[in-house]
Every structure is written in C-alpha cells, then in structure tokens.
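Peer 1: when you get a sec, could you give me coordinates for this:
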Amino acid sequence: MPKISKAQELNLSNFRQENNLLQKELADFLGVSRGYISMVESGKSHLSKENIKKILSNKSWNSETLTGNNKLSTVNLSKIRASLKVIEFEIQNIYDIIDSSN
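Peer 2: Okay, here's the model as predicted:
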C-alpha cells in the first residue's frame, strides 16, 4: 500500500472529483462528518492512517490522484507549458506589430 504524506492529503478534493464523489458520500463511507472532509481538503485537518487505508482499499475508486501517482497531472502540466509558450509567442507578435506601426 503506498504511503501518503500530509502534503498529498490535499489531493483529496481532486480524488473526489475524479471519482464523482460528493464530500458527504466520502464522509459516509469513512464514517466521518462532511465538515471533516472539508477541513482535510482545506488543509485544516489530516486524514488518519485508518481512513487512508479505507480509501485505498476501495478498488472501485481510482486512488492515483490521492497518492500522487497520477501521470495525467504530468501530461496536463506539459500541455499547459506548451500553451503558455504559444501565448507568449502570440503576445510578442502583437508587440512587434504595435512597434512596427509606430
């Protein structure tokens, strides 16, 4: 079972969204309040080891987001960087056009 650091617990919101779970649904599964889930997601509290194990034991959920093993985030980051380079290029073109018209 992968270890989850306190910093990775902040991925709980992404995990829920990826698995189409409401805070209340996850709270009910763990036997905790919805407010507790909200506090974990906002960094005001932390998941207990027992609750982490419960989440990871549910094989119908994709836990890669929670454990930080989500390769999609790396792919998305690469796409964002590429998009930013295109935007930067386009902005430079606009500046060049403005400079040439003066």
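Peer 1: for the rest of this, base every contact and every neighbour count on C-alpha atoms.
Peer 2: Will do.
Peer 1: for this protein, what are the low-confidence residue spans?
Peer 2: When the per-residue scores of the chain are filtered using pLDDT under 70, the ranges that remain are 1-10, 65, 67-79.
Peer 1: give me the element the residue positioned nearest the centre of it is part of.
Peer 2: Within the chain, one residue has its C-alpha closest to the average C-alpha position: by CA atoms, centre = their mean, that is Asn14, at 3.9 Å. Using DSSP states H and E, the element containing Asn14 is helix 12-18.
Peer 1: list phi and psi for the nearest residue in space to Lys24 that is not next to it in sequence.
Peer 2: In space, Lys24 comes closest to Arg34 once its chain neighbours are excluded; the distance is 5.0 Å by CA to CA, 6 or more residues apart in numbering. Dihedral pair for Arg34: phi -60, psi -30, per degrees, to the nearest 10.
Peer 1: kindly list the longest helix within the protein.
Peer 2: Taking DSSP state H as the criterion, the chain has its longest helix at helix 71-101.
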